[in-house]
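Chemist: fold the following.
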Amino acid sequence: MLSTQGSMPTSGARGCVDQRLRRSARPATTHPQPQPPATKDHPLHAAIVGGGPGGLYTAALLKRLAPAREITVYERNAPDDTFGFGVVLSDETLGGIEHADPVVYEALKAHFVRWDDIDIVHRGTRHTSGGHRFAALGRRRLLEILHTRCRDLGVELRFGTEAPPPDRLAQTYDLVVAADGVHSTTREAHREVFRPHVTGHRCRYIWLAADFAFDAFRFEVAETEHGVMQLHGYPYAPDASTVIVEMREEVWRAAGFDELDEPESTARCAKIFADALGGRPLRSNKSAWTTFRTVVNEHWSHGNVVLLGDAAHTAHFSIGSGTKLAVEDALALAACLEEQPTLQAALSAYEAERRPVVASTQRAAKASLEWFEDLDRYLGQPPRQFAFNLLTRSRRVTHENLRLRDADFTGAVEREFGCPPGTPPMFTPFRLRDLTLRNRVVVSPMDMYSATDGVPGDFHLVHLGARALGGAALVMTEMVCVSAEGRITPGCAGLYTGPQGAAWRRITDFVHAEAPGTAIGVQLGHSGRKGSTRLMWEGMDEPLPEGNWPLVAPSPLPYRPDSQTPRELSRTQLADVREQFTAAAVRAAEAGFDLLELHCAHGYLLSGFLSPLTNHRTDAYGGSPQNRLRFPLEVFDAVREVWPDDRPMTVRVSATDWAEGGTSADEAVAIARAFAAHGADAIDVSTGQVVAGERPEFGRSYQTPYADRIRHEAGVPVIAVGAISSWDDVNSLILAGRTDLCALARPHLYDPHWTLHAAAEQGYDGPGAVWPTPYRAGSRPPRTGRTDAPKPRLTLHGRSQDV
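Modeler: Coordinates of the predicted model:
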């Protein structure tokens, strides 16, 4: 199945693979080419375990590339046994098939059903987005085409035959391709080598079919007395459609599906989605309710055995990548076997080529499946925003991509959101208390480690001033420490002395005078157990070789084995720290900052109280989540009391510790809700950096789902941060309602005028992106070369030309 990912590329190298195969391929009808000797380094005898699309296409490619090869496919089921109904393939995958094997491509092409639209039906309202370009055919027809191609090429197909044990296969054949699916017996036989990680998920789903063709890819939501259910449907023949019904496990049980047999479940689903089906029945094909399992393997090959398709990796059906990934695996494996001098080199090259593509797809699939798992979170969104949110859920389809596919749909979403004509979502204003931000871009706090005795100098004036001139609505300082003992490094800035306050006043005065309309915010924090370390570029988190100062923390736990062990804060010391925060807040107000952020993230002092991994106290400040919140809330209340009432105050949190036993997603929502109840105007949602042994799941916009959840469940504005790098990402996140503001760090190091350049690249010139008067001449991208060369106007036919 494929949803909105239809024509999105997954690898720039894919076309190269296709061309490699096209150059290498030899028609089976030509005279046999000289073949290398039959060794495992040049496999002439190959066994394919599993007769699904991936295994069959691998067999066909290997045989076509070297007709002398002996290829055997083992499939335990009969030729016409298959699960599911339809298969959707992207233009990219079809292009690969066309280059590698035109015969297969032409056979597929003859049976494709094509369409462009996606329908989203929510609370009786249907919204349609066009321009998506889908192609589908029946899974059984796909298998028939591949069966025929394999037989024509001379591949031996053994149906109804269990493959011999993996060890025997490895001894008998030069190459063994394990394409035996998510429950791969080959993989399990060498589990200690492949090291699979299998993750279950929270929804049940069932594959069904309807005997009519939907006229679009259809998503429909049913809000039942038992909970939310959803239908995914698409045509795969002129008279047939695949229908997948999905719901959370607890909804499935509450609705009684756990007690129904296959015909009863099928009839019940048809009744629930009668409107979508026009009252028509559904049919099944050995259909059973199941939960999706994400498969990840640490290694893809063992000796002469290699994993392919679902045996190696799975990606949730909602982005439709199962067959696509398997076919692309086959293309890459075949090409690598042709190019590399040895089998081991080929298998290593195959894994190196495919692993990053698969990892990217699995990240997108995870985002998509989690969106559907939490579908009820978004039901209250305005109808068009809900549709846009669904279409962009995997973060592969974006605002700009949708605008190019269907400008009318995207324009309607923008109007419903409140975008003035010609205004991208990122350039709409946002208000926090009496502070109105002219756009949704924040320069994220970035530690510069360039202060002297805590005093910000010329570097900070230029650094923050340049970014204030660059168009962002809000420029944040680095973490400004509330005491000398609360510094991370000797180069950290502070607000614990008068000269420091005066130095900050110089910077805020510049921003307000030279970048009118730009707000500047201060982030206050205390290093806790992560202090007294070297400057970042000298060794991040490494203890100072000399001149260390004593550290304090909720509990006497060092950050790293070589870190200093902090002292556990006493009640008296807690009061002292609280006073340090309030004194710094008073200085911040006097220095002219427009917004104050309390740093309760990244394992620093206040974050150390929140995480169960770093707070082992047994008094009123440790133990339960409520107790762990106590001191951070006391500090917040004390700061809020002295911070001017008209100026907003935000809190940065780590929504997960990326470590077992750390802060859970539910606890993160509770933490955000507590700060909001105490007067926080927004929550700045980061993750991790709490414990040294964390295992973060990096990826594009990887922290945004945490901000999204807090925004919807805690009901508080949020700032999303983390690997948001393009203006397209910002527009997508804002318009989908996943965040209110986007904080970007490294992009602003790369380009201090990132926001103004984003406006120029989108052709926007309005109040949300005001160029400083001296810079107005640069408000359009400069030309980089001649683009107006004369076009040919005359073509001569049949005339001799003088030379």
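Chemist: how many neighbouring residues does residue 603 have?
Modeler: 26 (other Cβ atoms under 10 Å). The C-beta positions use only the backbone N, C-alpha and C, and glycine is treated the same way.
Chemist: what's near enough to touch it?
Modeler: 528, 529, 530, 559, 611, 614, 654, 689, 690, 691 (Cβ atoms under 8 Å, 6 or more residues apart in numbering).
Chemist: how far away is it from residue 142?
Modeler: Look at residue 603 and residue 142: by Cβ to Cβ, to the nearest Å, they are 51 Å apart.
Chemist: returning to that earlier point: could the contacts of residue 603 go into a markdown table alongside secondary structure?
Modeler: A markdown table is the format used below for the contacts of residue 603 (DSSP: H, G, I helix; E, B strand; the rest coil):
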| residue | secondary structure |
| --- | --- |
| 528 | helix |
| 529 | helix |
| 530 | helix |
| 559 | coil |
| 611 | coil |
| 614 | coil |
| 654 | strand |
| 689 | coil |
| 690 | coil |
| 691 | coil |
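Chemist: quick one: which of those residues is nearest residue 742?
Modeler: Nearest to residue 742 among the contacts of residue 603: residue 654, at 18.0 Å, using Cβ to Cβ.
Chemist: list the contacts for that closest one?
Modeler: Here residue 654 is in contact with 600-603, 607, 610-611, 663, 668, 686-690 (Cβ under 8 Å, 6+ apart).
Chemist: could you dump those residues into JSON lines with secondary structure added?
Modeler: Shown next, in JSON lines, are these (three-state DSSP):
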{"residue": "600", "secondary structure": "strand"}
{"residue": "601", "secondary structure": "coil"}
{"residue": "602", "secondary structure": "coil"}
{"residue": "603", "secondary structure": "coil"}
{"residue": "607", "secondary structure": "helix"}
{"residue": "610", "secondary structure": "helix"}
{"residue": "611", "secondary structure": "coil"}
{"residue": "663", "secondary structure": "coil"}
{"residue": "668", "secondary structure": "helix"}
{"residue": "686", "secondary structure": "strand"}
{"residue": "687", "secondary structure": "coil"}
{"residue": "688", "secondary structure": "coil"}
{"residue": "689", "secondary structure": "coil"}
{"residue": "690", "secondary structure": "coil"}
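Chemist: have a look at this structure and report its longest helix.
Modeler: helix 343-373 (DSSP state H).
Chemist: what does the very next helix or strand once past that one rub up against?
Modeler: Going down the chain from helix 343-373, the next helix or strand is helix 383-391, by DSSP states H and E. Taking contacts as Cβ under 8 Å, 6+ apart, the residues outside helix 383-391 that touch it are 4, 118, 120, 122-123, 125, 127, 129, 219, 371, 378-379, 381, 397, 402, 409-410, 412-413, 416-417, 735-738.
Chemist: before we move on, the earlier item: separate out the buried members of the contacts of residue 654.
Modeler: The neighbour-count criterion (16 or more other Cβ atoms under 10 Å) marks 600-603, 607, 610-611, 663, 668, 686-690 among these as buried.
Chemist: possible to save these as CSV with distance to residue 590 and pLDDT?
Modeler: Below are the buried ones among the contacts of residue 654 laid out as CSV (distance: Cβ to Cβ, whole Å; pLDDT from 0 to 100):
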residue, distance to residue 590, pLDDT
600, 24, 98
601, 26, 97
602, 27, 97
603, 30, 96
607, 27, 98
610, 29, 98
611, 33, 97
663, 34, 96
668, 33, 97
686, 28, 97
687, 33, 96
688, 34, 95
689, 31, 95
690, 32, 96
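Chemist: quick revisit: between the contacts of residue 654, which is nearest residue 293?
Modeler: residue 687 (25.0 Å).
Chemist: distance of that closest one relative to residue 723?
Modeler: Residue 687 is 11 Å from residue 723, by Cβ to Cβ.
Chemist: between these two, what contacts are shared?
Modeler: Joint contacts of residue 687 and residue 723 (Cβ under 8 Å, 6+ apart) are residue 703.
Chemist: which residues does the closest residue to residue 164 other than its chain neighbours contact?
Modeler: Nearest non-adjacent residue to residue 164, counting by Cβ to Cβ, 6 or more residues apart in numbering: residue 172, 7.2 Å away. Listed by Cβ under 8 Å, 6+ apart, the contact partners of residue 172 are 45, 47, 164.
Chemist: ok, now residue 767?
Modeler: Contacts of residue 767 (Cβ under 8 Å, 6+ apart): 429, 438.
Chemist: again, but for residue 528
Modeler: Contact analysis of residue 528 by Cβ under 8 Å, 6+ apart lists 486, 551, 552, 553, 554, 566, 603, 604, 605, 606, 607, 608.
Chemist: circling back: let me know the closest of the contacts of residue 172 to residue 182.
Modeler: residue 47 (19.8 Å).
Chemist: how many other residues sit next to that closest one?
Modeler: 28.
Chemist: show me where pLDDT drops low in this structure?
Modeler: Scanning the chain with the threshold set as pLDDT under 70 gives 1-42, 84, 785-803.
Chemist: closest to residue 51 among the contacts of residue 528?
Modeler: Nearest to residue 51 among the contacts of residue 528, with distances taken as Cβ to Cβ, is residue 603, at 51.4 Å.
Chemist: could you tell me which of the contacts of residue 172 are located in helices?
Modeler: Going by DSSP H, the helices hold none of those.
Chemist: with distance to residue 214 added, can I get those residues in CSV?
Modeler: Shown next, in CSV, are the contacts of residue 172 (distance: Cβ to Cβ, whole Å):
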residue, distance to residue 214
45, 45
47, 40
164, 43
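Chemist: now, which of those residues sits nearest residue 344?
Modeler: residue 45 (16.8 Å).
Chemist: surely that closest one touches residue 174?
Modeler: Yes - under the criterion of Cβ atoms under 8 Å, residue 45 makes contact with residue 174 at 4.8 Å.
Chemist: the two: who's more crowded?
Modeler: Taking other Cβ under 10 Å, residue 45 and residue 174 do not tie; residue 174 has more neighbours (19 against 15).
Chemist: need phi/psi at the more buried one.
Modeler: Main-chain torsions, residue 174, degrees, to the nearest 10: phi -70, psi -30.
Chemist: so how far is residue 151 from it?
Modeler: 22 Å.
Chemist: beta-bridge partners for residue 120, please?
Modeler: Applying DSSP bridges to residue 120 yields these beta-bridge partners: residue 127, residue 219.
Chemist: please work out how many residues are found near it.
Modeler: 23.
Chemist: what residues are up against it?
Modeler: By Cβ under 8 Å, 6+ apart, the neighbours of residue 120 are 126, 127, 128, 129, 219, 220, 386, 387, 390, 391.
Chemist: if you set the cut-off to 6 Å instead, what comes out?
Modeler: Going by Cβ atoms under 6 Å, 6 or more residues apart in numbering, residue 120 touches 127, 219, 387, 390.
Chemist: swap in residue 144?
Modeler: If a contact means Cβ under 6 Å, 6+ apart, then residue 144 has no contacts.
Chemist: correct me if wrong, but it is in a helix.
Modeler: Yes - secondary structure of residue 144, determined by three-state DSSP: located in a helix.
Chemist: redo the contacts of residue 654 as a markdown table? Include distance to residue 535.
Modeler: Shown next, in a markdown table, are these (distance: Cβ to Cβ, whole Å):
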| residue | distance to residue 535 |
| --- | --- |
| 600 | 24 |
| 601 | 21 |
| 602 | 17 |
| 603 | 18 |
| 607 | 21 |
| 610 | 27 |
| 611 | 26 |
| 663 | 29 |
| 668 | 31 |
| 686 | 22 |
| 687 | 24 |
| 688 | 21 |
| 689 | 17 |
| 690 | 22 |
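Chemist: nearest to residue 322 among those?
Modeler: Checking the contacts of residue 654 against residue 322 by Cβ to Cβ gives residue 687 as the nearest, at 29.5 Å.
Chemist: that closest one and residue 476, how far apart?
Modeler: 18 Å.
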